[in-house]
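Chemist: Pasted the sequence and its predicted model underneath.
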Amino acid sequence: MLPQFNLMSLFERPSRRQKVALIFSLDIVFLSLAFWGALWVRFESHHYFFDTPTWITFGSVIVTTLVGFWYFGLYRAVLRYINEKNLQAILFSFASATLLMIVTSFYLQAVIPRTAPFIYLAFGIIMCGGVRFAIRYLFVWIENSTKQNVIIFGAGDSGRQLLQAIGQGDDFQAVAFIDDKKELRHSLIHGLTVYPPQQLPMLIHRFHVSKVLLAIPNAGKKRRSEILTSLADLNTEVLTVPRLNDLVTGEAKVDQIKEVEIEDLLGREAVSPDSHLMDSSIRHKTVLVSGAGGSIGSELCRQIIQYRPKRLLLVERSEVALYEIERELIKRCEALALNVELVPLMISVQHLPRLSAMMQANNVDTVYHAAAYKHVPLVEQNVVEGVCNNVFGSYNIAQAAIKAKVSTFVLVSTDKAVRPTNVMGATKRLAELVMQSLAEHQSETTISMVRFGNVLGSSGSVIPLFKEQIRKGEDLTITHPDIIRYFMTIPEAAQLVIQAGSMAKGGEVFVLDMGEPVKIAELAKRMVHLSGLEVRDEANPDGDIELKYTGLRPGEKLYEELLVGDDERPTDHPRILTANESFMPWAELMALFDELNQACEAMDEQAVIALLKQAPLAYCQEQDKPQLKAVS
């Protein structure tokens with residue numbers, strides 16, 4: 001029994017039953033008009049169609065059509081989502097009714113011309129189908145009026161999937177495709193025209209586009225960098241779909257739109273890790289990572305567990321950081337079905353007895369020493385702690401490793417150790433000298449160092465700071481307009497550290513190929529533009545975000561170096577070099593250690609700095625050099 005339809009309910013929000021009743025009633029009206037209209041068109045008079053056979057034919061045709069609608073689910077379909085399948089149901093229902101109309105009129109000898117059933121078919125489809133699709137497009141028009149216009153860059157499989165995905169959402173409406181393939185130019189895909197990249201500025205202005213969605217997950221980093229560089233000049237926000245690897249592994253879906261990753265701007269293609277080098281110091285072994293909760297240490301742990309060590313010791317002095325990395329690694333092991341024993345250890349690298357006992361009890365095979373104080377301004381204000389942690393802590397964990405007969409020991413160093421201008425760099429350079437002397441002084445453990453520059457996304461890195469400032473609409477703070485830095489992704493850096501350690505023979509300083517240096521001010525401008533904002537300066541006083549130059553911080557350089565000397569040699573890995581650098585004899589090193597220890601125990605920062613300057617570190621504080629005038 002059909003639900004009753006109350007006309008007054010139209011002034012309120014109608015229920016689903018009331019909507020069905022309304023559509024059902026309209027269908028009866030439309031089918032009646034289609035039937036009698038077909039006869040009217042054919043006869044141009046009502047004189048011939050008031051006989052009984054005609055009325056019987058009319059009733060059977062109407063009922064058959066309505067039953068077909070009901071059977072194929074047209075009254076269950078939500079009008080705003082009606083699609084081609086619903087149109088097929090309408091066609092099949094009318095085709096059946098038309099066939100019945102022909103058969104019934106023939107057997108009942110009804111006065112119905114042979115062409116009338118086909119006219120009924122056409123009229124019915126136009127009215128019943130047309131109204132439904134008109135309602136659907138009305139809903140679409142209303143919804144799209146509140147959506148943001150976007151352009152999809154990339155008309156391949158990912159672009160087409162993205163178009164379908166955002167079409168079901170409430171945020172975006174795609175108005176065009178952009179693709180540089182000539183064979184796709186000006187073609188239509190799902191109703192959208194494919195334009196060449198050169199027409200993008202015109203399209204943004206024409207359609208008032210707020211965002212460009214980058215749907216090229218299988219493009220290389222160099223190509224992505226070229227595209228993003230061209231888009232940066234448009235002052236339109238650019239979002240991207242996940243990379244191909246994430247789509248293939250199921251870690252992400254094509255409709256998971258996110259911000260552009262900064263490594264895409266660098267255009268640096270990662271080199272696939274050598275599985276033999278990754279395996280040799282890890283698989284079925286007990287591995288220790290100090291500073292396991294830090295940026296580099298945590299990524300080392302993520303990379304290590306993939307190569308199935310027997311046991312992974314997480315050494316970290318921060319309780320919160322240790323808790324977080326342990327939980328993350330447990331989830332990763334469960335997801336990847338890895339049988340790796342995780343041992344969280346809250347130990348300071350300055351505690352030699354505890355380190356020695358722990359390493360011997362666990363029969364450690366490999367140590368990656370990433371624990372360090374690395375924030376230049378903080379170490380500059382906490383000189384004694386910087387020396388105790390970065391120098392004595394490194395010496396302690398190396399001594400513990402030697403005593404426990406660890407096979408491989410790798411110190412994670414920094415480019416700030418080369419001709420340092422700050423305490424942090426000086427402590428890391430002294431830690432390198434310690435490792436070199438220990439490597440020469442004993443033969444139990446293969447000790448090496450890996451030196452590299454900034455990593456993207458690390459704690460204290462300028463990139464997360466810029467992102468946060470842009471998100472808040474604040475001005476971007478840059479120390480100097482000419483400052484440049486090398487950048488590398490954290491996963492690539494961690495992989496190269498592991499591979500370099502596996503190549504070590506003892507005492508080497510490995511230097512990672514960081515690619516081309518990046519001018520921080522230019523990087524900041526690109527980040528602003530790709531966020532859909534404009535840089536505010538003298539040429540554009542109405543811009544959104546200003547670049548503020550604060551002057552170099554204590555101990556900060558305009559540029560970083562990776563080599564103390566000029567003697568660099570290639571290795572079997574294209575991204576890893578070795579440097580032949582001088583080091584302190586053991587006796588001199590121990591004498592320096594005694595003096596440093598006394599100065600630290602006395603909390604005499606000036607004496608500590610003086611000793612660091614006297615040591616062969618090439619340490620020179622910025623105030624001892626000609627000062628660069630900061631730009632305000």
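Modeler: Great, that's in hand.
Chemist: Export stretch 186-195 to CSV, keeping only CA atoms.
Modeler: Once side chains and other backbone atoms are set aside, the C-alpha atoms of stretch 186-195 remain, and they are given as CSV (Å, rounded to 0.1, in the frame of the first residue of the first chain):
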residue,chain,number,x,y,z
HIS,A,186,41.9,19.4,-25.6
SER,A,187,40.3,16.0,-25.2
LEU,A,188,37.4,15.4,-22.8
ILE,A,189,37.7,13.2,-19.8
HIS,A,190,34.5,12.7,-17.7
GLY,A,191,33.3,16.0,-19.1
LEU,A,192,36.4,18.0,-18.3
THR,A,193,38.7,19.4,-20.9
VAL,A,194,42.4,18.6,-20.8
TYR,A,195,44.5,21.8,-21.2
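Chemist: What residues of that stretch count as buried?
Modeler: By neighbour count, and taking 16 or more other CB atoms under 10 Å as the criterion, the buried residues in stretch 186-195 are 189, 192, 194-195. Placement of C-beta: from N, CA and C, glycine included.
Chemist: And the contacts of that stretch?
Modeler: Outside of stretch 186-195, the residues that reach it under the criterion CB atoms under 8 Å, 6 or more residues apart in numbering are 152, 155, 159-160, 163-164, 174-179, 184-185, 203.
Chemist: model confidence over that stretch, on average?
Modeler: Taken as a whole, stretch 186-195 has an average pLDDT of 90.
Chemist: Centre of the chain to it, how far?
Modeler: Averaging C-alpha coordinates over stretch 186-195 and over its chain gives two centres that are 28 Å apart (CA atoms, centre = their mean, to the nearest Å).
Chemist: I'd like the buried residues of stretch 186-195 as JSON lines, with distance to Ala602 appended.
Modeler: Formatted as JSON lines, the entries for the buried residues of stretch 186-195 read as follows, by distance: CB to CB, whole Å:
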{"residue": "Ile189", "distance to Ala602": "74"}
{"residue": "Leu192", "distance to Ala602": "73"}
{"residue": "Val194", "distance to Ala602": "73"}
{"residue": "Tyr195", "distance to Ala602": "71"}
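Chemist: so of the residues you listed, which ones are in strands?
Modeler: Of the positions in these, 189, 192, 194-195 sit in strands, assigned by DSSP state E.
Chemist: residues in contact with Phe207?
Modeler: Contact criterion CB under 8 Å, 6+ apart gives 149, 151, 175-176 as the residues in contact with Phe207.
Chemist: follow-up on the earlier one: name the nearest of the contacts of stretch 186-195 relative to Glu556.
Modeler: Sorting the contacts of stretch 186-195 by how near they are to Glu556, with CB to CB, puts Ile178 at the top with 40.9 Å.
Chemist: List the beta-bridge partners for that closest one.
Modeler: Partner residues in beta bridges with Ile178, using DSSP bridges, are Phe153, Tyr195.
Chemist: List the contacts of it.
Modeler: Under the criterion of CB under 8 Å, 6+ apart, the contact partners of Ile178 comprise 151-155, 194-197, 199-200, 203, 212.
Chemist: Mind giving me the PyMOL select for those residues, buried ones only?
Modeler: Command for PyMOL, covering only those of the contacts of Ile178 found buried under the criterion 16+ other CB under 10 Å:
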select buried, resi 151+152+153+154+155+194+195+200+203+212
